[in-house]
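Peer 1: Sequence and predicted structure, then a few things I'm wondering about:
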Amino acid sequence: MTHLVQVLLLGITLGGMYALMASGLTLVFGVMRIVNIAHASFMMIGAYISYWAFKLYAVDPILSILISMPLMFLLGLVIYKFLFFKITGSPRYGELTVLLTFSLALIIEGILGFFFTNIYRSTNPSYATDSILFGPFYLPEGQVYATLSSMGLIVLLWTFLLTTRTGYAIRATMQNRAAAQVVGVNVELVSMVAFGIGIALAGASGSMIAYLFPFYPAKHWEWIAVLLSLIVLGGMGSLIGALIGAFALAISSAYVSFFVGPTWASVTFFLALFLILLIRPQGILGKKMEG
Amino acid sequence: MAFLEVENVTAGYGNGPDILKGLSLKFEQERTYCIIGPNGAGKSTLFRVICGLLHPRKGRAVFKGEIISRLRTEEILRRGISFVPQDRSLFPDMTVRENLRMGGYILKNRRELKDRIEEVFRMFPILKERSSQQAKTLSGGEQQMLATGRSLVLRPTVMMFDEPSLGLAPKVAQGIFECIHQLKNEGMTIILVEQNARKGLECADWGCVLDLGKNRFEGPAKKILDNPRIQELYLGRKPQDRQEDTA
């Protein structure tokens, strides 16, 4: 019984982080219908920002979110303006976004590899390897901090979406783009801001990955596969779905890892992906696609 | 100079063909217009041009002497033209109140926005009862009320309705027409596109028949209703019905 609870706790502490990664990805899909294959490579950029901030100036990895987020937000705006702005309205928009973000992922990987080489890196703040003990349970300290910061950011994101004028505009555009235009929302501008936010969230997750999981430029392929299964499970474009998908899969993969073996943990995600696509292709909270 | 006017407008989507082909129409203040015509005639496209969702390839739209066909939707809304699109087109996961808030999206003053929403609630008390319900849980008629209320938040002088009775039960549709009638009595200029052409024309002062992107015929709504040729072509009345009538 102790073991079962212990594994659950480990799953939860990972779930919060997955939720943050998935929120950025699903936000971008929800507002712009962009399946951002490059999401995880933006996370890698965030990871490298944190890594160098730590290495050169001893900036705490979690605090380095304050650096990586604004930088990534700006990068997101620029990329949206130059890459996606032109293809909105194209009859092949859906296909183009996949191809564009796929090549973007390759380009980012190439640039990171060129500058930082392909060796494994990891930041190592003191809390990266410590544990918090209480009673018979232990929690990896780094993971706890990462999940708490992630949840904090998600709360901020939700507060922004639910209370501000721009937040209303983003939600309106997610729910009905045509109606948003009718009430005078500049959907192009809103899309650009939402893309920036999505990329900033990727950057923040990257800062946390940097000390939890060793990374190198091509590591993003493993992450994007996991993230896509999270948001497909939750329902693409649904923020609550992303939360549910993230926790459900983090917890079940923790159990699989415990009962079957760690090598099988990652299989959980793809097994879940297959099952959900067979049983409920729109995901838990997703809406059926039209056309 | 008419209150609102489209002059020689040619418009279409993307690289597609022209939907409107040199269309000219005039709308006078405080009158109600009903535009009828078959599918693909360009009725919705006309609305999209007037409210700035689609910029014409040729020609222009003029409102109170100002050319508006190059303005963004936000600027057109500020000038007092509102559009209630087809299929209600709400924000399904937002509450009724949030939908109304979105109607006043271009208003920056929160207090003003709150007052305007209360105004809409006075006009449609049922919306107030449902204010914290998600829009998707409303009935068809309530959704149409919400879409109308959402446009009214900006206190427009011109309102365009695209197929307001589409998919509604006759009794509910009747309620919508009564609401349009009330707005008309309050001095609003109303332009209506209605698949239920007869009902729409009964509600209007002036009617026009749009076909293949052009204005085929216009005149007092009553005259159009009584015109046998138009009845045959656009009001779904067969020639033999007419013979039976005269027999």
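Peer 2: Sure, I can see it. Numbers count the residues shown, from 1 in each chain, chains lettered A, B, ... in the order given.
Peer 1: Looking at chain B, which helix is longest?
Peer 2: helix B:170-185 (DSSP state H).
Peer 1: Can you spell out which helices and strands pack onto that one?
Peer 2: helix B:140-152, strand B:189-193, helix B:197-203 (3 or more C-beta pairs under 8 Å, 6 or more residues apart in numbering or on different chains; DSSP states H and E). All C-beta spots, glycine's among them, are computed from the backbone N, C-alpha and C.
Peer 1: May I see these organised as JSON lines, with distance to residue A:246, mean neighbour count and mean pLDDT added?
Peer 2: Formatted as JSON lines, the helices and strands packed on helix B:170-185 follow (distance: least, C-beta to C-beta, whole Å; neighbours: other C-beta atoms under 10 Å in any protein chain shown; pLDDT from 0 to 100):
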{"stretch": "helix B:140-152", "distance to residue A:246": "33", "mean neighbour count": "23", "mean pLDDT": "94"}
{"stretch": "strand B:189-193", "distance to residue A:246": "45", "mean neighbour count": "24", "mean pLDDT": "94"}
{"stretch": "helix B:197-203", "distance to residue A:246": "50", "mean neighbour count": "21", "mean pLDDT": "88"}
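Peer 1: ok, back up a step: let me see the mean pLDDT of the longest helix of chain B.
Peer 2: The average pLDDT within helix B:170-185 is 90.
Peer 1: tell me the angle it makes with helix B:140-152.
Peer 2: In terms of direction (axes from the mean of the first three to the mean of the last three C-alpha atoms, to 10 degrees), helix B:170-185 departs from helix B:140-152 by 20 degrees.
Peer 1: Please compute how far helix B:170-185 lies from its chain's middle.
Peer 2: Its chain's average C-alpha position is 13 Å from that of helix B:170-185, according to C-alpha atoms, centre = their mean, to the nearest Å.
Peer 1: Can you give the contact residues for that helix?
Peer 2: Residues outside helix B:170-185 that contact it (C-beta atoms under 8 Å, 6 or more residues apart in numbering or on different chains): B:32, B:139-141, B:144-145, B:148, B:159, B:161, B:164-165, B:168, B:190, B:192, B:196, B:199, B:202-203.
Peer 1: Stretch A:276-290 now?
Peer 2: Outside of stretch A:276-290, the residues within contact range by C-beta under 8 Å, 6+ apart are A:231, A:232, A:233, A:234, A:235, A:236, A:237, A:238, A:240, A:241, A:244, A:245.
Peer 1: what's the model's confidence in that stretch, averaged?
Peer 2: For stretch A:276-290, the mean pLDDT works out to 80.
Peer 1: avg pLDDT for stretch A:198-213?
Peer 2: 94.
Peer 1: tell me which residues in it are buried?
Peer 2: Along stretch A:198-213, these residues count as buried under the neighbour rule (16 or more other C-beta atoms under 10 Å in any protein chain shown): A:198-212.
Peer 1: Most widely separated two among these?
Peer 2: A:198 and A:211 (22.6 Å; C-beta to C-beta).
Peer 1: what about stretch A:230-245, near chain B?
Peer 2: No. On the criterion C-beta under 8 Å from any C-beta of the partner chain, stretch A:230-245 is out of touch with chain B, staying 9.3 Å away.
Peer 1: on that earlier part again, same list, the helices and strands packed on helix B:170-185, but as a markdown table with distance to residue A:101 please.
Peer 2: What follows is the helices and strands packed on helix B:170-185, written out as a markdown table (distance: least, C-beta to C-beta, whole Å):
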| stretch | distance to residue A:101 |
| --- | --- |
| helix B:140-152 | 34 |
| strand B:189-193 | 39 |
| helix B:197-203 | 46 |
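Peer 1: Mind putting those into JSON lines with distance to chain A?
Peer 2: Formatted as JSON lines, the helices and strands packed on helix B:170-185 follow (distance: least, C-beta to the nearest C-beta, whole Å):
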{"stretch": "helix B:140-152", "distance to chain A": "7"}
{"stretch": "strand B:189-193", "distance to chain A": "15"}
{"stretch": "helix B:197-203", "distance to chain A": "21"}
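Peer 1: all strands of chain B, in order?
Peer 2: Applying DSSP state E to chain B gives strands spanning B:4-11, B:20-27, B:32-36, B:58-63, B:66-67, B:81-84, B:158-162, B:189-193, B:206-211, B:214-220.
Peer 1: Looking at the ones you listed, spot the one closest to residue A:250.
Peer 2: strand B:81-84 (44.9 Å).
Peer 1: For that closest one, could you pull out the residues that count as buried?
Peer 2: Neighbour-count burial for strand B:81-84 flags B:81, B:82, B:83, B:84 (criterion: 16+ other C-beta under 10 Å).
Peer 1: Now for the residue nearest to the first one when sequence neighbours are not counted: which residues touch it?
Peer 2: By that I understand residue B:81. Excluding its sequence neighbours, the residue lying closest to residue B:81 (C-beta to C-beta, 6 or more residues apart in numbering or on different chains) is residue B:158, at 4.5 Å. By C-beta under 8 Å, 6+ apart, the residues touching residue B:158 are B:3, B:4, B:27, B:63, B:80, B:81, B:82, B:188, B:189, B:190, B:191.
Peer 1: Okay, and the beta partners of the residue sitting nearest the centre point of chain B?
Peer 2: By C-alpha atoms, centre = their mean, chain B has its centre lying nearest to residue B:161, at 1.7 Å. Note on residue B:161: beta-bridge partners by DSSP bridges are residue B:84, residue B:192.
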